[in-house]
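Undergrad: would you be able to build a 3D model of this:
(4 chains)
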Number of protein chains: 2
Amino acid sequence: MASKDRIQKLKDDTRCNILAASLNIVKEEGWSSLSMRKIADKIDYTAPIIYEYFNNKEALLKELTRIGYIKLANEIEEARDKFTDAAEQLEAMWMAYWNFAFKEKELYQIMFGIEANCCVGNPCSEVQRASNLLWDKIEEIVPADKRTEEYIDTKYYTFWSVVHGLVSINMTRQLAAGNNEQQWGKDINKQVLKDALEGIISSIRR
Amino acid sequence: MASKDRIQKLKDDTRCNILAASLNIVKEEGWSSLSMRKIADKIDYTAPIIYEYFNNKEALLKELTRIGYIKLANEIEEARDKFTDAAEQLEAMWMAYWNFAFKEKELYQIMFGIEANCCVGNPCSEVQRASNLLWDKIEEIVPADKRTEEYIDTKYYTFWSVVHGLVSINMTRQLAAGNNEQQWGKDINKQVLKDALEGIISSIRR
DNA sequence: TATCTTTGCCTAACGGTGTTAAATTATTTT
DNA sequence: AAAATAATTTAACACCGTTAGGCAAAGATA
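TA: Next up, the predicted model:
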């Protein structure tokens, strides 16, 4: 039958619809309320149908992260090609990364395992204590002529970002990597961390 | 009755047990398999009992993050008090933050909404493409005499950490903050990001 | 001591989840 | 038209968070 192709195309279509419907649900209600039954509802089927296109929910999510990585790479490439100077290119590429994260917030969340935290209702005083300790110590080493709240904030966030970023990257990858790779990471991580901390500290004092 | 105190103490004890059992389960099987019934099993009760100590599961998780923040602040404080020079103190404090993240991995995960990512089985080629684009561009601006794989790796991770960290911090906090705070963030974020990127780039070329 | 009230704890249930097997309907092939 | 294949649904399982109702032991009251 010549309709083999057409049928295959229809199958591909619904596969695509499943992915699109999933992303729509997530954009409207967040990852936590994405369920197989809800996806099926959106494409006018019942839940078991989805299992003819994906082995299970995890496989579906995996495909969505794959799509995310493709989009991210495209945007980075596009940003690169807007400049010729290498340094300008590099900065633009990371800016593209940043912009992607917020343009495709949901994809970024699943790509890098970020939960839109459940426990942020009332950040109690205990939450503040740690950041105050750090903030105050930064204030201490900032030269008097630069000691504005905004400047200290900036530096505080820079510290926090680089440390939390490094932690976060390691944690989401920890399971994937074999033990040897983990070992390989330990050294390079300490190196990155020390370098970055000293860099920021010296930039403050200069 | 004088046994009022003793009874109150027992109640406090089981509350404590619930929290400890929860953390144990998470350490053994991860956050995704923490359930009320499993917690109850561990303390030889049935599930509904837990609701006499916590309004719901979310409240229980919130308390665990609170405990996490207290421990984190303690470790930071402790690190600070081991030095006298402010710069040394600051570095030690951030190192304590780093160490805490891995010593109390599970607490850190819930404090900052990090999922030990489900989709890390086989990081397919698409995952690699984005990082290769960035890595290659970094290589390009590294002076020839420093152009080792290790050096480029270090710089790549430094870039990635600061950008991902900033993204990640913003995302987990986005829901909590009011719109005005979000606006306040937008500016300071771009500032932090640009500063950091330029800082790393110039540190590479120097 | 006997009744009443409170407390502690459990059983059963509701609606939801991911997932699978069987039954049913629709389509194609013979 | 009958048989075989495919597409889709229904029903079920085991789990989840959560709530209501009941049972039994303990405490208070008389």
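Undergrad: which phi and psi does A:Ile114 have?
TA: phi -110, psi 120 (degrees, to the nearest 10).
Undergrad: for beta bridges, what are the partners of it?
TA: Beta-bridge partners for A:Ile114, by DSSP bridges, are B:Ile114.
Undergrad: mind checking how far it is from B:Met93?
TA: From A:Ile114 across to B:Met93, the span is 25 Å (Cβ to Cβ, to the nearest Å). Yep, even glycine has a C-beta here, placed from its N, CA and C like the rest.
Undergrad: and the closest residue to chain B within chain A, what does it touch?
TA: Nearest to chain B, among the residues of chain A, is A:Gly165, at 2.4 Å (Cβ to the nearest Cβ). By Cβ atoms under 8 Å, 6 or more residues apart in numbering or on different chains, the residues touching A:Gly165 are B:Trp160, B:Ser161, B:Val162, B:Val163, B:His164, B:Gly165, B:Leu166, B:Ser168.
Undergrad: doesn't A:Val192 make contact with the second one?
TA: Translated: B:Ser161. Yes: with contact defined as Cβ atoms under 8 Å, B:Ser161 and A:Val192 form a contacting pair (6.6 Å).
Undergrad: what sits in contact with each of the two?
TA: Common neighbours of B:Ser161 and A:Val192 (Cβ under 8 Å, 6+ apart) are A:Leu166.
Undergrad: give me the pLDDT value at A:Ala196.
TA: pLDDT, A:Ala196: 89.
Undergrad: ignoring the adjacent residues along the chain, who's closest to it?
TA: Excluding the flanking residues, the one nearest A:Ala196 by Cβ to Cβ, 6 or more residues apart in numbering or on different chains is A:Val162, at 4.6 Å.
Undergrad: return the backbone torsion pair for A:Ile50.
TA: Taking degrees, to the nearest 10 as the convention, A:Ile50 sits at phi -60, psi -30.
Undergrad: cool, and A:Phe83?
TA: Dihedral angles (degrees, to the nearest 10) for A:Phe83: phi -130, psi 170.
Undergrad: and for it, the neighbour number?
TA: 14 (other Cβ atoms under 10 Å in any protein chain shown).
Undergrad: and the residue lying closest to it once chain neighbours are set aside, what pLDDT?
TA: Excluding its sequence neighbours, the residue lying closest to A:Phe83 (Cβ to Cβ, 6+ apart) is A:Gln89, at 4.6 Å. Here the pLDDT value assigned to A:Gln89 is 97.
Undergrad: do A:Trp184 as well
TA: Reported pLDDT for A:Trp184: 55.
Undergrad: what about A:His59, how many neighbours?
TA: Heads up, residue A:59 is Ala, not His. Neighbours of A:Ala59 using other Cβ under 10 Å come to 15.
Undergrad: residues in chain A within reach of DNA strand C, list them.
TA: A:1, A:3, A:33-38, A:47-48, A:51, A:56-58 (Cβ under 7 Å from any atom of the strand).
Undergrad: with distance to B:Asn99, secondary structure and pLDDT added, can I get those in a markdown table?
TA: Listed next are the residues of chain A next to DNA strand C as a markdown table, based on distance: Cβ to Cβ, whole Å; DSSP: H, G, I helix; E, B strand; the rest coil; pLDDT from 0 to 100:
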| residue | distance to B:Asn99 | secondary structure | pLDDT |
| --- | --- | --- | --- |
| A:Met1 | 65 | coil | 46 |
| A:Ser3 | 63 | helix | 57 |
| A:Ser33 | 36 | helix | 95 |
| A:Leu34 | 35 | coil | 98 |
| A:Ser35 | 39 | coil | 98 |
| A:Met36 | 40 | helix | 98 |
| A:Arg37 | 43 | helix | 98 |
| A:Lys38 | 41 | helix | 98 |
| A:Ala47 | 45 | helix | 98 |
| A:Pro48 | 48 | helix | 98 |
| A:Tyr51 | 44 | helix | 98 |
| A:Asn56 | 37 | coil | 97 |
| A:Lys57 | 35 | helix | 98 |
| A:Glu58 | 32 | helix | 96 |
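Undergrad: neighbours around A:Asn99, how many?
TA: A:Asn99, neighbours per other Cβ under 10 Å, totals 12.
Undergrad: who's in contact with it?
TA: So A:Asn99 contacts A:Glu75 (Cβ under 8 Å, 6+ apart).
Undergrad: look up how far DNA strand C lies from it.
TA: 30 Å (Cβ to the nearest atom of the strand, to the nearest Å).
Undergrad: helix, strand or coil for that residue?
TA: Secondary structure for A:Asn99, judged by DSSP: H, G, I helix; E, B strand; the rest coil, is helix.
Undergrad: A:Leu193 too?
TA: Per three-state DSSP, A:Leu193 ends up helix.
Undergrad: other SSEs contacting the helix or strand hosting A:Glu198?
TA: With secondary structure defined by DSSP states H and E, A:Glu198 is part of helix A:179-205. Here helix A:179-205 is seen to pack against helix A:125-141, helix A:149-174, helix B:86-103, helix B:149-174, helix B:179-205 when contacts are counted using 3 or more Cβ pairs under 8 Å, 6 or more residues apart in numbering or on different chains; DSSP states H and E.
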